[in-house]
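# kindly generate the corresponding structure for this input.
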Amino acid sequence: EYLTFSYRYNGSPNDSETYTEYEDVKDYPYDMDYLRNQYFDNDARTDEHTFQVDYSNPISDMHDIAVGAKYILRDNQSKTDYYKEFDGTYQPDENLTDKYEQTQNIMAAYADYKLRWKKFGAKAGVRYEHTFMDVEYDKLSEKNFKTDFDDVVPSMTLSYQLAPTRTIRASYNMRISRPGIWYLNPFRNTSNPTSISYGNPDLDTEKSHSFGVTFSSFSAKFNVNATLNYSFIDNGIERYSFMNNGVMESTYGNIGRTKHTRLSLWMNWNPGNKTRISLNAGGSYADYKCDESFLKQSNSGFSGNMFLTVQQTLPWELRLSMYGGGSTPYVSLQGKGSSFFHYGMGVSRSFLKEKRLTISVNASNIFNKYLTFDNRTSSETFSSWSKSKSPNRYYGINISWRFGELKAQVKK
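Numbers count the residues shown, from 1 in each chain. Predicted coordinates:
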C-alpha cells in the first residue's frame, strides 16, 4: 500500500537564430525587395511544473486499486526579432517582430482497477482531464483568446498466461496529444519568400484510439515481445501546404483522418553472461485522408525501421556498447519524408560504493559529417521538393551520479 507525493520541473529552451543571404539571383518572378538578406532571432521555451499524488492498495491477491490526481502548469513562450538588410546594415522589421505566450493549466484525475484470477488478468482505468488555455500576443491583442478542453481517456487490458513465461495480451487505450509551441506559434517564417511557414494557435487536442494484441515470452537467455496494433485518429494534427498568389504557405490543422496498422518486434538474446544483443524492429502501413473544403487529399504507404544494439562486458568492468539502425521513408498526408540511418559506440564504467558514479565515452556517425533529409510535398496544384543537411557527427563524455533510491512507483 503506497501513498506518493511527487513534483517535477521540466524546462526546455528552444531558441533558433537564422541568417538568410541571396547570391547570383536570376529570373526571379517577384519583387526583388523580397530577396533582401535577412536575419531573425527566435527565443522560445517551455516551462512545466507537475504536482502529483498517487494512492495504490492491493486489496487482496486478486484485486488492486489505484487512484491519483495531477496538476500541471505549462508555459510556452516565443519572442521573435526580425531584421532585413538595407545599405549593408540589418534593421528591424516591426511588422514581423512579435511576442507570443501560451499557458496551459491542466487538472487530471484517474482510477485503475486490476484483477488477477488463475491464468487470467484484467485491468481497466479511466482518466479525466480539464485544460485551461490562455493565449496572448504582445502586438496583436485582438487575437488573444482563452479556451477550455475536457478529455475523458479510457483504457483496458486483458491478458492470459499461456505458460509460466508466456503471455498473450489484448488492449485498448486512447491517447491525447496537445500541440507544442511550434505548432501553435503564428510567427511567419519568410526567410524563403516563395515558401513561408507558420503555426496555428487554434489547434485542438489530438485524440488517438488504439487496439493491440501482444505476445510475450521470457527466459534466462532469450526474450521476445511482438505487438500487432491498429489505431485511428479523426482529428489528427497535420502539416499541410497550399499556394497563395504564387507563394507556397505551410501550416498545421486538425484536418487528418488517419488509420495506422503496425507490427513491432523486440528481442533480447544473452548468448553468455557478458554479452547481450537486442533488436527493435517494425513495419507499418499508414492511410491519410483529408476532406476539408480547402483541401481534399489522400496518401498511403508502407514504412519500416530497425535498431540493433550489442553490449559486451570487457575486463576491468568496462562495458562496450555498439548500436546502429535506420528507417525507410515515412508517409505523410501530402508527400513522403526521408529515410535515415545512424550508428555509434560507447564505453562506460561504474565506480565507488553501489556503483553510483558512471562515466562513459561515446561517438556516433563518425564517418558521416551530415545527416541529409529529402522531403517531397505535392497536391493537385503544386509539387515541392526540399533537401536539408544537418551536422550528424557526435563525440561525448557523460558523467552521472545516482542519488538514493526511489522505491515508490510514480504513475506516468
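# from memory residue 243 sits against residue 380, does it?
No: here residue 243 does not reach residue 380: they are 10.2 Å apart, not a contact under Cβ atoms under 8 Å. (C-beta placed from N, C-alpha, C; glycine too.)
# contacting residues for residue 393?
Contact analysis of residue 393 by Cβ atoms under 8 Å, 6 or more residues apart in numbering lists 364-366, 368-369.
# which of those residues sits closest to residue 77?
Nearest to residue 77, judged by Cβ to Cβ, of those is residue 364 at 31.9 Å.
# okay, and the beta partners of that closest one?
residue 344, residue 394 (DSSP bridges).
# that one: how many residues sit nearby?
17 (other Cβ atoms under 10 Å).
# please begin residue numbering at 31 from this point
OK, 31 is where the count begins now, so the last one is residue 394.
# pretty sure it sits against residue 372.
Yes: judged on Cβ under 8 Å, residue 394 makes contact with residue 372 at a distance of 6.3 Å.
# circling back to that earlier point, pull out the buried residues from the contacts of residue 423.
394-395 (16 or more other Cβ atoms under 10 Å).
# got the contacts of residue 423 as a markdown table, with pLDDT and distance to residue 298 columns?
What follows is the contacts of residue 423, written out as a markdown table (pLDDT from 0 to 100; distance: Cβ to Cβ, whole Å):
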| residue | pLDDT | distance to residue 298 |
| --- | --- | --- |
| 394 | 93 | 22 |
| 395 | 92 | 25 |
| 396 | 90 | 27 |
| 398 | 86 | 28 |
| 399 | 87 | 33 |
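# from the contacts of residue 423, which is closest to residue 432?
For these, the nearest to residue 432 is residue 394 (24.2 Å; Cβ to Cβ).
# for that closest one, give me its contacts.
Contact analysis of residue 394 by Cβ under 8 Å, 6+ apart lists 372-375, 423-424.
# between the contacts of residue 423, which is nearest residue 42?
So of these, ranked by how close each gets to residue 42 (Cβ to Cβ), first place is residue 394, at 22.3 Å.
# mind checking how far the residue located most distally from the centre of the chain is from residue 67?
If you look at how far each residue of the chain sits from its centre, by Cα atoms, centre = their mean, the farthest one is residue 117, at 42.9 Å. Distance of residue 117 to residue 67, given as Cβ to Cβ, to the nearest Å: 11 Å.
# check residue 51 too.
Residue 51 is 5 Å from residue 67, by Cβ to Cβ.
# which one's more surrounded, the two?
residue 67 (15 against 10).
# check the gap between that one and residue 150 for me.
69 Å.
# and for residue 388?
41 Å.
# the two - which one has more neighbours?
residue 388 (16 against 11).
# who does the more buried one form a beta bridge with?
Applying DSSP bridges, one finds that residue 388 bridges with residue 380, residue 430.
# that one reaches residue 427, doesn't it?
No: counting by Cβ under 8 Å, residue 388 does not reach residue 427; the two are 11.6 Å apart.
# show me where pLDDT drops low in the stretch 81-230 of the chain?
Filtered on pLDDT under 70, the stretch 81-230 of the chain yields the residue ranges 211, 221.
# swap in 80 and give it another go.
Where the stretch 81-230 of the chain drops to pLDDT under 80, the residues are 124-128, 169-177, 179, 208, 210-212, 214-224.
# which stretches of it form helices?
For the stretch 81-230 of the chain, applying DSSP state H, counting those that start in this stretch gives helices covering 211-214.
# do the stretch 231-380 of the chain as well
Using DSSP H, counting those that start in this stretch, helices in the stretch 231-380 of the chain do not occur.
# nearest residue to residue 278 other than its sequence neighbours?
residue 225 (4.6 Å; Cβ to Cβ, 6 or more residues apart in numbering).
# buried stuff in stretch 329-341?
329, 333-337, 340-341.
# what of stretch 312-331?
312, 314, 316, 318-320, 325, 327, 329.
# over to stretch 216-226?
Going by 16+ other Cβ under 10 Å, stretch 216-226 has these buried residues: 216-220, 223, 225-226.
# then stretch 85-95?
Quick answer for stretch 85-95 (16+ other Cβ under 10 Å): 86, 94.
# now do stretch 155-170
155, 157, 159, 161, 163, 165, 167.
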